[in-house]
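[1] sequence unavailable; structure follows:
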């Protein structure tokens, strides 16, 4: 083969997930770039592939529920009071609980 391009994306490039819009849009972008390159590079014999690793965070144990909560508590304290009022602690905690669920299961 004259060449190979391998991009790394995520399963979240195929589906949406609440509270992950920024992450998701970047992965959708990698998916689109890879698809376009696959067509564009074919005439030169260059293959283009994409890898979508599984739940890296869960597989490595890089985060624990305690470390996630500790970081979340630190972040919440730094958020301006008006923003805290707008989002509410209940909403914020829901996001954190979701992170813990997907990071430790």
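    Looks like it came in fine. Everything numeric here is computed off the predicted structure, so don't read it as measured data.
[2] from now on I want contacts and neighbour counts done on CA atoms only, so please keep to that.
    Fine.
[3] ok, then the element right after the lengthiest helix in the chain?
    Counting by DSSP state H, the longest helix found in the chain is helix 21-41. Next in sequence after helix 21-41, counting helices and strands by DSSP states H and E, comes strand 46-51.
[4] how is this structure carved up into domains?
    According to automatic domain parsing, the chain is divided into the following domains: 1-54, 57-105.
[5] just put these in CSV and tack on mean pLDDT.
    Shown next, in CSV, are those (pLDDT from 0 to 100):
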stretch, mean pLDDT
domain 1-54, 90
domain 57-105, 91
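[6] reformat these as a markdown table; add mean neighbour count.
    Formatted as a markdown table, the domains of the chain follow (neighbours: other Cα atoms under 10 Å):
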| stretch | mean neighbour count |
| --- | --- |
| domain 1-54 | 14 |
| domain 57-105 | 13 |
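[7] picking that back up, could you list the residues in contact with the longest helix of the chain?
    Contacts to helix 21-41, defined as Cα atoms under 8 Å, 6 or more residues apart in numbering, come from residues 7-10, 12-17, 46-50.
[8] run the last query once more with 7 Å
    Helix 21-41 has contacts (Cα atoms under 7 Å, 6 or more residues apart in numbering) with 7, 9-10, 12-14, 16, 47-50.
[9] tell me which two in those residues are the farthest apart.
    Farthest-apart pair in the contacts of helix 21-41 is 16 and 47; separation 27.6 Å (Cα to Cα).
[10] show me how far the longest helix of the chain is from its chain's centre.
    Relative to its parent chain, helix 21-41 has a centroid offset of 14 Å by Cα atoms, centre = their mean, to the nearest Å.
[11] between that helix and strand 46-51, how many degrees?
    Put simply, helix 21-41 runs at 160 degrees to strand 46-51, going by axes from the mean of the first three to the mean of the last three Cα atoms, to 10 degrees.
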